[in-house]
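K.L.:
sharing a model that was predicted from the sequence below.
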Amino acid sequence: MGLTNSQYDEIMRDYQRRQNRARRELSEREQEVRGRIPALADLDAQIAAAGVACARMMLAQVETPLRQSSADTIGKTVPDPLHALRERISNLSAQKAQLLKEAGYPEDYLKMRYDCPDCQDTGYIGQAKCHCFQRAEIDLLYTQSNLREHYKEETFPAFSLRYYADDLNDPATGLTAAQMASHALEECRRFVQEFDENAGNLFLSGSTGLGKTFLSHCIANALLETTHSVIYFSSYDLFELLADSSFRRTGEEEAGELERHIFECDLLIIDDLGTEQTNSFVASQLFHVLNERILRQKSTLISTNLSLGQMADRYSERVVSRITGSYQMLKLIGEDIRIQKKYGD
């Protein structure tokens, strides 16, 4: 999945700022050195003149291949003026380096200093994105995901099954809490692995404190690391923003940007659905978001403490119909993990 045009432009503007800063800092170093070593100005002028002459000579050789008269050149050594110019530039550069050294400057003091020497702060090596560009993609997507910094630590390797009991069974399936948690973890991993091939959706349900939000963060972090766009909202925040947009409490441009993020991101996470104050507006907006993303084949993850029956009562049968028809259902049971950690196993 690629960046949007605005996201790409934002990264490239940052590269332009880096290049401008590097040129400005080099100019400052050049002024400093020339103030201390006046002879450098003359050397720089000679190097520049020799470089121009060298370039002109190379261009002339391309446009008009050199022809030698066999009568004049047989048995003679023909001087190579281009080689002589290159030798002159090399000697002048060596004199310049010696002056810098004698003044106590490092050899590279008058060279451009890039944040990324590999791509020279262009973002590309040839036609391929540099490793620094790939990192910038991830950082930008993470910033725009609405996930807090400390959630970066919530990854699949950090998800522990030790808090799910082997002696607590789900009446509907007969599976233990540990088996259901293991299945949910496996399916969330598969969701990430097959994300580009299948525009799937997940519905995580269960009581408070069983790891639904943690698993959501695991999925988000894994996808962000592969430069997918992920937007995370608590249900309260999502519907507050939608209300601001619908009732013109935000500007038209900001409202359009919000809609683009919600409907076009690779994965939308709606966490703790049911904790918001539910009314007809919330119910209609939830259906609109879920239905629109299904139509656009964009993935959505919902976590909630509500059962499907409670969902139908709160939001309508058509919302539940969309979820049961288009979402993979995963359930967690057990005791609140936060309480287990506080008071011991």
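P.N.:
Here it is on my side, so go on.
K.L.:
can you show me the strands along the stretch 201-345 of the chain?
P.N.:
Remark: strands assigned in the stretch 201-345 of the chain by DSSP state E, counting those that start in this stretch are 202-206, 230-234, 267-273, 299-304, 328-332.
K.L.:
tell me the strands beside the fourth one, with direction?
P.N.:
Taking DSSP bridges as the criterion, strand 299-304 sits next to strand 202-206 (parallel), strand 267-273 (parallel) in its sheet.
K.L.:
quick one: average pLDDT of it?
P.N.:
Averaging pLDDT along strand 299-304 gives 96.
K.L.:
hang on, residue 155 packs against residue 218?
P.N.:
Yes. Contact criterion C-beta atoms under 8 Å: residue 155 and residue 218 qualify, at 5.6 Å. The C-beta positions use only the backbone N, C-alpha and C, and glycine is treated the same way.
K.L.:
nearest to residue 141, of the strands of the stretch 201-345 of the chain?
P.N.:
strand 230-234 (6.9 Å; C-beta to C-beta).
K.L.:
quick one, that closest one and strand 299-304 angle?
P.N.:
If you take axes from the mean of the first three to the mean of the last three C-alpha atoms, to 10 degrees, strand 230-234 sits at 20 degrees to strand 299-304.
K.L.:
compare residue 155 and residue 218 (neighbour count), which wins?
P.N.:
A side-by-side neighbour count of residue 155 and residue 218, using other C-beta atoms under 10 Å, places residue 218 first with 22 against 16.
K.L.:
so what pLDDT did the closest residue to the more buried one other than its chain neighbours get?
P.N.:
Closest residue to residue 218 apart from its sequence neighbours, by C-beta to C-beta, 6 or more residues apart in numbering: residue 156 at 4.8 Å. At residue 156, the model reports a pLDDT of 95.
K.L.:
equivalent analysis for residue 336, please.
P.N.:
In this prediction, residue 336 has a pLDDT value of 90.
K.L.:
one more: residue 120?
P.N.:
93.
K.L.:
that one: how many residues sit nearby?
P.N.:
Residue 120 has 17 nearby residues by other C-beta under 10 Å.
K.L.:
the strands of the stretch 201-345 of the chain: lowest mean pLDDT?
P.N.:
Lowest mean pLDDT of the strands of the stretch 201-345 of the chain: strand 230-234, a mean of 90.
K.L.:
what's the weakest-modelled helix or strand in this structure?
P.N.:
In the chain, the helix or strand scored least confidently by mean pLDDT, DSSP states H and E is helix 70-73, which has a mean of 49.
K.L.:
sounds good, over and out.
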